[in-house]
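Novice: Quick one, what's the 3D model for this:
(chains A and B)
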Amino acid sequence: ETGVTQTPRHLVMGMTNKKSLKCEQHLGHNAMYWYKQSAKKPLELMFVYSLEERVENNSVPSRFSPECPNSSHLFLHLHTLQPEDSALYLCASSQFPGPDEQYFGPGTRLTVT
Amino acid sequence: SQQGEEDPQALSIQEGENATMNCSYKTSINNLQWYRQNSGRGLVHLILIRSNEREKHSGRLRVTLDTSKKSSSLLITASRAADTASYFCATAPPTGANNLFFGTGTRLTVIP
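Specialist: Residues are numbered from 1 along each chain as shown, chains lettered A, B, ... in the order given. Okay, the predicted model is just below:
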């Protein structure tokens, strides 16, 4: 798990708060991903970045705003979230976007109150 | 849907027994991958099998792929309590997609 790190590991926020999730990969990969994992649902892909450029945005509400300042760092900025946004948010990286194996961080457990 | 679908949803076995999990999918694939997730943690890549391969081994893991039936199976032999986790299959489309498609997983419990 040290290849991809995520902070914080746990986050509780009110619906009016603004917070950010951070992901860092130490693998020299070119693609990074944000996923949302809710109970009893498949992993939901939120965003894909390739070499700092967003290449996929799966109809995610605008209250989630990604940022990729360089190929090693990925952020997810959160504002005015809803209780149904409570979930485990996973960051992943791969050599290139597409069929390669992905390396996941430990996730941020987000609770929106 | 391009997502894989695992079966069964939950599986409970005794330590030492073999565990078999299945994955079915609906579209053509470049490859199929299996991942493991311990409770509340990230996913860990276990094994990747390409569409032109039929079987692959890695330690106590054996994966098969039948592209005519659009299905795959993951066999864990001589299970251990530490194998308790959720197991997910993920499909990679042949072209044009930037991501993998994951199923909902099989929850495996290995009883010591």
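
Novice: C-terminal to the one helix or strand in chain A whose mean pLDDT sits lowest, what's the next element?
Specialist: Ranking every helix and strand in chain A by mean pLDDT, DSSP states H and E puts strand A:53-57 at the bottom, with a mean of 78. Following strand A:53-57 in sequence order, the next helix or strand is strand A:64-70 (DSSP states H and E).

Novice: That following strand near chain B at all?
Specialist: No. Using Cβ under 8 Å from any Cβ of the partner chain, strand A:64-70 stays clear of chain B, with a minimum separation of 13.8 Å. For glycine as for every other residue, the C-beta is placed from the backbone atoms N, C-alpha and C.

Novice: in its sheet, what does that strand sit against?
Specialist: Strand A:64-70 pairs in its sheet with strand A:73-79 (antiparallel), by DSSP bridges.

Novice: Next, the buried residues of the strand it pairs with.
Specialist: A:74-76, A:78 (16 or more other Cβ atoms under 10 Å in any protein chain shown).

Novice: same thing with stretch A:31-51?
Specialist: Across stretch A:31-51, burial judged by 16+ other Cβ under 10 Å covers A:31-37, A:42-43, A:45-50.

Novice: Mind checking the pLDDT average for stretch A:84-95?
Specialist: Average pLDDT, stretch A:84-95: 95.

Novice: who's in contact with that stretch?
Specialist: By Cβ atoms under 8 Å, 6 or more residues apart in numbering or on different chains, the residues outside stretch A:84-95 that reach it are A:3-4, A:6, A:21, A:23, A:25, A:27, A:29-38, A:43, A:63-64, A:74, A:76, A:78, A:100-105, A:107-112, B:40, B:42-43.

Novice: what do you get for stretch B:13-22?
Specialist: Residues from elsewhere that reach stretch B:13-22 (Cβ under 8 Å, 6+ apart): B:6-8, B:11, B:71-81, B:83, B:87, B:106, B:108-112.

Novice: Strands - which of the contacts of stretch A:84-95 land there?
Specialist: The strands, defined by DSSP state E, take in A:4, A:6, A:21, A:23, A:25, A:31-37, A:64, A:74, A:76, A:78, A:103-104, A:108-112, B:43 from the contacts of stretch A:84-95.

Novice: Kindly state the beta-bridge partners for the spatially most central residue of chain A.
Specialist: Residue closest to the mean C-alpha point of chain A, counted by Cα atoms, centre = their mean, is A:Trp34 at 3.0 Å. For A:Trp34, the beta-bridge partners under DSSP bridges are A:Phe47, A:Cys91.

Novice: show me the contacts for it.
Specialist: By Cβ under 8 Å, 6+ apart, the residues touching A:Trp34 are A:23, A:45-47, A:66, A:74, A:76, A:89-91.

Novice: Mind doing that once more with 7 Å?
Specialist: Contacts for A:Trp34 (Cβ atoms under 7 Å, 6 or more residues apart in numbering or on different chains) come out as A:46-47, A:66, A:74, A:76, A:89, A:91.

Novice: do the same with B:Leu32
Specialist: Counting by Cβ under 7 Å, 6+ apart, B:Leu32 makes contact with B:49, B:65, B:72, B:89, B:91.

Novice: Confirm that it sits in a strand.
Specialist: Yes. The assignment for B:Leu32 is a strand, going by DSSP: H, G, I helix; E, B strand; the rest coil.
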